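Colleague: here is my input; please provide its structure:
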Amino acid sequence: MNLDHLVDDYLVHVRTERGYSEHTVAAYRSDLIELVAFSTRRGVEDTAGIDLALLRDWLWTATERGLARTSIARRAASARGWTAWLHRRGFLAADPGLRLKAPRAHRTLPRVVAERALADALASLADRAASGDPVAVRDVAIAELLYASALRVSELVGLDLADVDRRRRTVRVTGKGAKERVVPYGAPAARALDRYLDIARPAILAAVAAPAASTGDSTRAPASPPPATTATPAVFLGVRGGRLGVRSAHRQIAALLSSIPGAGPSGPP
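Modeller: As a prediction, this is how the structure comes out:
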């Protein structure tokens, strides 16, 4: 039996035996007719060629056309229902739809940035750090290390000096579930991180310590908590000398992404 006839039989099943509404049946019909057409273009004429790879390619093609996530999720549901029915009826030896997943409809798709565009943005950020501004040098190191290692932002800001092996170009990360792993990074990140640790980080701490040392009246209570000292173990520091927070790091990443056309951030990584 060809695929078109199997779609027709399935739609009769969901209408009469499952009691689906005409609106739902019409949506299933639209999705499955397109799936059959896609399969035909791929040379699949019967159920023997319906597998997980084909279904994933069909959904991926729809995402590339810019379909809404709700539409992608509905298509995945249509395909799963059909393949489950085909399996129960003996037309498929196994049900490939069991492993077909679609992005949740309420979540935002991550934007993908072209490697060249991101490299250009990193180069622009490095140019702004050329003046020697320690915060700009820090931001270059953050961007390069994130780009090179695929760390989570929370993992990056949680790094301590003892976690960095500059000779081997690795960082020791404590991730979810308190699990440790060693992550390598490449030469561009190494150069940026070395410059930050050797020059910019000490400069940030010195800038914080200078006003504290020059305070004339030691009897007056400070208006805000005292800044961190040189004993701070964190790799990445905020302007007050303490560990850089996740939200602050997110702002730096957002600023970097905003300089790339069409690549505004869709939310915290």
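Colleague: now for I204, how many residues are close by?
Modeller: 25 (other CB atoms under 10 Å). To be clear about C-beta, it is placed using only N, CA and C from the backbone, and glycine gets the same treatment.
Colleague: just G66 next, same as before
Modeller: By other CB under 10 Å, neighbour count at G66 equals 7.
Colleague: low-scoring stretches of the protein, by residue?
Modeller: 102-129, 176, 211-231, 256-269 (pLDDT under 70).
Colleague: what's the domain layout of the chain?
Modeller: 3-99, 115-210+227-258 (automatic domain parsing).
Colleague: what ranges does the stretch 151-269 of the chain have for its helices?
Modeller: Here the stretch 151-269 of the chain has its helices, by DSSP state H, counting those that start in this stretch, at 153-157, 187-195, 201-213, 246-258.
Colleague: any chance of these in a markdown table with distance to G97 as columns?
Modeller: Below are the helices of the stretch 151-269 of the chain laid out as a markdown table (distance: least, CB to CB, whole Å):
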| stretch | distance to G97 |
| --- | --- |
| helix 153-157 | 35 |
| helix 187-195 | 42 |
| helix 201-213 | 53 |
| helix 246-258 | 36 |
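Colleague: buried set for stretch 57-73?
Modeller: Under the neighbour-count criterion of 16 or more other CB atoms under 10 Å, stretch 57-73 has 58-59, 62, 69, 71-73 buried.
Colleague: please tell me how far that stretch is from the chain's geometric centre.
Modeller: Taking CA atoms, centre = their mean, to the nearest Å, the mean C-alpha location of stretch 57-73 is offset from the chain mean by 18 Å.
Colleague: try stretch 15-35
Modeller: From the chain centre to the centre of stretch 15-35 is a distance of 34 Å (CA atoms, centre = their mean).
Colleague: using CSV, write out the CA atom coordinates for that stretch.
Modeller: Extracted C-alpha coordinates of stretch 15-35, given in CSV (Å, rounded to 0.1, in the frame of the first residue of the first chain):
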residue,chain,number,x,y,z
ARG,A,15,-11.6,10.6,13.2
THR,A,16,-13.8,7.6,13.9
GLU,A,17,-11.9,5.6,16.5
ARG,A,18,-10.1,8.3,18.4
GLY,A,19,-12.8,10.9,18.1
TYR,A,20,-10.5,13.8,16.9
SER,A,21,-12.1,17.0,15.8
GLU,A,22,-12.3,17.9,12.2
HIS,A,23,-9.9,20.8,12.9
THR,A,24,-7.3,18.4,14.3
VAL,A,25,-7.8,15.9,11.5
ALA,A,26,-7.3,18.7,9.0
ALA,A,27,-4.1,19.7,10.7
TYR,A,28,-2.9,16.1,10.7
ARG,A,29,-3.8,15.8,7.0
SER,A,30,-1.8,18.9,6.1
ASP,A,31,1.2,17.7,8.0
LEU,A,32,1.2,14.2,6.7
ILE,A,33,0.6,15.1,3.1
GLU,A,34,3.7,17.3,3.3
LEU,A,35,5.6,14.5,5.0
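Colleague: who's in contact with that stretch?
Modeller: Stretch 15-35 has contacts (CB atoms under 8 Å, 6 or more residues apart in numbering) with 4, 7, 10-11, 14, 55, 58, 74-75, 78-79, 81-82.
Colleague: how about stretch 159-172?
Modeller: Residues from elsewhere that reach stretch 159-172 (CB under 8 Å, 6+ apart): 145, 149, 151, 173, 180-187, 189-190, 193-194, 197, 233-236.
Colleague: for ChimeraX, what selects the buried ones among those residues?
Modeller: The buried residues among the contacts of stretch 159-172 can be selected in ChimeraX (16+ other CB under 10 Å) with this line:
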select :145,149,151,173,183,185,189,190,193,197,234,235,236
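Colleague: among the contacts of stretch 159-172, which lie within strands?
Modeller: Within the contacts of stretch 159-172, residues falling in strands by DSSP state E are 173, 180-184.
Colleague: and the two most separated of those?
Modeller: E180 and P184 (14.6 Å; CB to CB).
Colleague: tell me which two in the buried residues of stretch 57-73 are the farthest apart.
Modeller: W58 and R69 (15.5 Å).
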